[in-house]
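Engineer: quick one, what's the 3D model for this:
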Amino acid sequence: MAKIKDTDYLAISARIRAMETTLLTAERMERLLEARSGEEVSKLLQECGYPELDAARPEAMDAALSQAREALLADLGDSAPDPRYIDIFKLKYDYHNAKTILKAAAMGTDPARMLMDMGRVSASELKTAMDSGELDGLPGTLPEAVAEAKSVLDTTRDPQLSDITLDRWMYRDMAQVADVTGSAFLRGYVASQIDAANLRALIRTLRMGKNADFLAGVLFDGGGIDPAAILAVAAERGSGLEEVYSSTRFAQAAEAGEAALKGGSLTEFEKRCDDAVADYLSGAQMIPFGEAPMLAYLAARETEYTNIRILLMGRAAGLSPEIIRSRLRRINA
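Structural biologist: Numbering: from 1, shown residues only. This next block holds a predicted model:
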């Protein structure tokens, strides 16, 4: 592929800026939180381009959000100068589907209901390749990932270890795509996601009472925070956690993690991890054109889909606006 210049993104960057005007900003989310009826919520969402979403029918709601996500990826994929930037948001569905197919095969069940047809390869094509063992035609690192994860599952009968294996390959795949594009912004985005995953692994390991040896098997390479420093915190049962993260964008997440270790909210901790990644993406607001605005917009939409689900399910459960608000992820728009 010929080298792509920032100026090749002039047209799509202008379009992205226009599309950003329909994002569910903090102000729009407040209107949704304070809406007095479901009809008012539906009207506000429809103003932002969404179909009718009903939390009383969660499967239909999830299907509608998936369709919105798929349509967006297809739309921008058709106009992006380099489709590999779209692949970053597709490949996680390949790995989700691989996990689902492997576990279904081990249990003798049908994975169809859990498959998501939004990856670089269709769910049916992936299942056919995995059933036949003919993996060479799969994209990225999927052939190696599936082969190793299947071996792990066959040997250990532990689906959690198989999932960890696929997650590790997923981040390698993402890092490989970022390296091939040559985008420093994309490399930073992948690194921030790895840092978030590693911090989550640290807190979960400590809460489960596991040791540093266990954590060493679930940490991912490629982040900006040295795994050795994370392992040292685990060895000290959490001591030094805030010091390791104090000079990083994950400082507040680490503080929430320390609170979670003392019985505090895991939900707040998870939210802070996601917000730290969003903080990295906020840097795209200062970049007039290039791949960064497109990447940040796609990530913002991913967060928006999550927030819509949190909000609608929360309202359906009768949660107060304050509780729902505390669970919403930040969107930099």
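
Engineer: who are the packing partners of the helix or strand hosting Arg301?
Structural biologist: Secondary structure from DSSP states H and E places Arg301 in helix 291-316. Here helix 291-316 touches helix 10-19, helix 26-34, helix 38-47, helix 58-79, helix 84-107, helix 184-207, helix 266-281, helix 321-327, going by 3 or more Cβ pairs under 8 Å, 6 or more residues apart in numbering; DSSP states H and E. C-beta coordinates here come from the backbone N, C-alpha and C atoms, glycine included.

Engineer: can you redo those as JSON lines with distance to Ser122, mean neighbour count and mean pLDDT?
Structural biologist: Formatted as JSON lines, those follow (distance: least, Cβ to Cβ, whole Å; neighbours: other Cβ atoms under 10 Å; pLDDT from 0 to 100):
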{"stretch": "helix 10-19", "distance to Ser122": "25", "mean neighbour count": "16", "mean pLDDT": "85"}
{"stretch": "helix 26-34", "distance to Ser122": "34", "mean neighbour count": "14", "mean pLDDT": "91"}
{"stretch": "helix 38-47", "distance to Ser122": "29", "mean neighbour count": "15", "mean pLDDT": "88"}
{"stretch": "helix 58-79", "distance to Ser122": "11", "mean neighbour count": "15", "mean pLDDT": "88"}
{"stretch": "helix 84-107", "distance to Ser122": "9", "mean neighbour count": "21", "mean pLDDT": "94"}
{"stretch": "helix 184-207", "distance to Ser122": "24", "mean neighbour count": "21", "mean pLDDT": "95"}
{"stretch": "helix 266-281", "distance to Ser122": "28", "mean neighbour count": "20", "mean pLDDT": "93"}
{"stretch": "helix 321-327", "distance to Ser122": "33", "mean neighbour count": "15", "mean pLDDT": "92"}
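
Engineer: out of these, which comes closest to Phe289?
Structural biologist: helix 10-19 (3.8 Å; Cβ to Cβ).

Engineer: what's the angle from that closest one to helix 291-316?
Structural biologist: Helix 10-19 runs at 20 degrees relative to helix 291-316, counting by axes from the mean of the first three to the mean of the last three Cα atoms, to 10 degrees.

Engineer: Ser37: neighbour count?
Structural biologist: For Ser37, the count of nearby residues is 9 (other Cβ atoms under 10 Å).

Engineer: I am finished for the moment; much appreciated.
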